[in-house]
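Student: have a look at this fold, sequence not included:
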């Protein structure tokens, strides 16, 4: 089972590549030293960094969910899950199911 979604990887790569392409395009335009061009470049960098951070956090969540999922497939993990009270088990499976 693949825990890391390809869309998340693609979006994370896009959060790095697209701002770099936009910055390269702006740098190739004449009048690149104007205040508007500089502000646009700063905005592109800030948005790119924020998006990359958010998507990287999502990737880390998916990797951690994969580790927990693999552990739950072990005898120790199954035993732990079965030892939980019914209400806690349902709550755990509900939260964990969001990552599957």
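Tutor: Nice, thanks for sending it over. Computed from a predicted model, the values in this text were never measured in an experiment.

Student: so what does the helix or strand that contains residue 13 touch, helix or strand wise?
Tutor: According to DSSP states H and E, residue 13 maps onto helix 6-28. Here helix 6-28 touches helix 35-72, going by 3 or more Cβ pairs under 8 Å, 6 or more residues apart in numbering; DSSP states H and E. For every residue, glycine as well, the C-beta is placed using N, CA and C.

Student: the helix holding residue 13: which residues count as buried?
Tutor: By neighbour count with 16 or more other Cβ atoms under 10 Å, helix 6-28 contains the buried residues 11, 12, 15, 19, 22.

Student: tell me the contacts of the first one?
Tutor: Listed by Cβ atoms under 8 Å, 6 or more residues apart in numbering, the contact set of residue 11 reads residue 55.

Student: so where's this protein shaky on pLDDT?
Tutor: Scanning the chain with the threshold set as pLDDT under 70 gives 1-3, 31-32, 98-100.

Student: 50 instead?
Tutor: Applying pLDDT under 50 to the chain flags residues 1.

Student: and residue 78, backbone torsions?
Tutor: When quoted as degrees, to the nearest 10, the phi and psi of residue 78 stand at phi -60, psi -40.

Student: thought it was touching residue 69?
Tutor: No: in this structure residue 78 lies outside contact range of residue 69 using Cβ atoms under 8 Å: 11.9 Å.

Student: ok, those two, which is more surrounded?
Tutor: A side-by-side neighbour count of residue 78 and residue 69, using other Cβ atoms under 10 Å, places residue 69 first with 15 against 12.

Student: separation between that one and residue 36?
Tutor: Residue 69 sits 49 Å away from residue 36, taking Cβ to Cβ, to the nearest Å as the criterion.

Student: and what of residue 10?
Tutor: From residue 10 across to residue 36, the span is 31 Å (Cβ to Cβ).

Student: so what's residue 80 closest to, chain neighbours aside?
Tutor: Counting by Cβ to Cβ, 6 or more residues apart in numbering, residue 80 lies nearest to residue 72, which is 8.0 Å off, once chain neighbours are set aside.
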